[in-house]
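In: sequence first, then the predicted structure:
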Amino acid sequence: MTPGQAQRLTVEASHALAAAGQGDMVWGHAAVRDPQGRGIWIKAPGWGLEEVREDRLQLVHWDATVLRGSGSPHKECHIHLQLLTASPELVCTVHTHAPAAVAFAALGTRLLPLSHEGALFGGEDVPRFRATGALVSTPQLGKALATDLGTAPAALLPKHGLVGVGRTVPSAVMHAVLLERACAAQLRAAAAGTVRIHSGRAEARAKRAECWPDSQLEAGWHYLLRRAAGTLPPP
């Protein structure tokens, strides 16, 4: 990957998240590791996900200083800086205020594999970051988040939102999208009554392998890019 490709992918990640309904006016962001090791590419503050362009990006150093682009970095750039520092194999990190994730996290209920999306976690509960419900605005909080996330593909931030991570940009975006969809499915089921049917751990692990290989994450990613570009046929 070149720096130019990293910038393009940062823009595409932002647009894909917006197309998936994870925008929150000018809040939320996706970050891509700079291939030259200088830090992360991330949108500048003040822009919505759907508004991101390459000239609205920043290159933020590991010490949270802006190397390229204008303005100050996002207060929560430490989410991305610390997650990527903790796991060198990761390429992309996502943080949004996805509505269903926020609502579901408030229940304090285990995420169940009652849908294909819920099987993303292989029958285990989604990790939750509880050190603060406010902004993750310091390196220390970012490190604590990385610890709570562990090796999971995504995590809930109760009273706040979610994070998704991946070894590729499409996988990080799709992990965030799938977590939101899993939360929404369980909220709908719980609103109608007690959830009685869901996969056991063995089936959930099998479904994770079958439903969410890289090829399917890529397919979902490309669908979101087509939606963002307005090239899908009308319903």
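Out: Alright, I've got the coordinates. Numbering: from 1, shown residues only.

In: what comes up buried for the helix or strand where G4 lies?
Out: Element membership of G4 [criterion: DSSP states H and E] is helix 3-19. Neighbour counts over helix 3-19 (16 or more other C-beta atoms under 10 Å) mark 6-19 as buried. The C-beta positions use only the backbone N, C-alpha and C, and glycine is treated the same way.

In: which ones are touching the nearest residue to L217 once chain neighbours are set aside?
Out: Leaving aside its sequence neighbours, L217 sits nearest to M174 (C-beta to C-beta, 6 or more residues apart in numbering; 4.3 Å). If you count contacts by C-beta atoms under 8 Å, 6 or more residues apart in numbering, M174 has them with 164, 166, 212, 217, 220-221.

In: next one: T138
Out: T138 touches H78, counting by C-beta under 8 Å, 6+ apart.

In: pLDDT score for it?
Out: Per-residue pLDDT puts T138 at 98.

In: from A152, how far off is it?
Out: 22 Å (C-beta to C-beta, to the nearest Å).

In: re earlier: in helices, which of the contacts of M174 fall?
Out: Using DSSP state H, the members of those that fall in helices are 217, 220-221.

In: still on that earlier bit, what packs against the helix holding G4?
Out: strand 29-33, strand 39-43, strand 57-61, strand 92-96, helix 169-192, helix 214-229 (3 or more C-beta pairs under 8 Å, 6 or more residues apart in numbering; DSSP states H and E).
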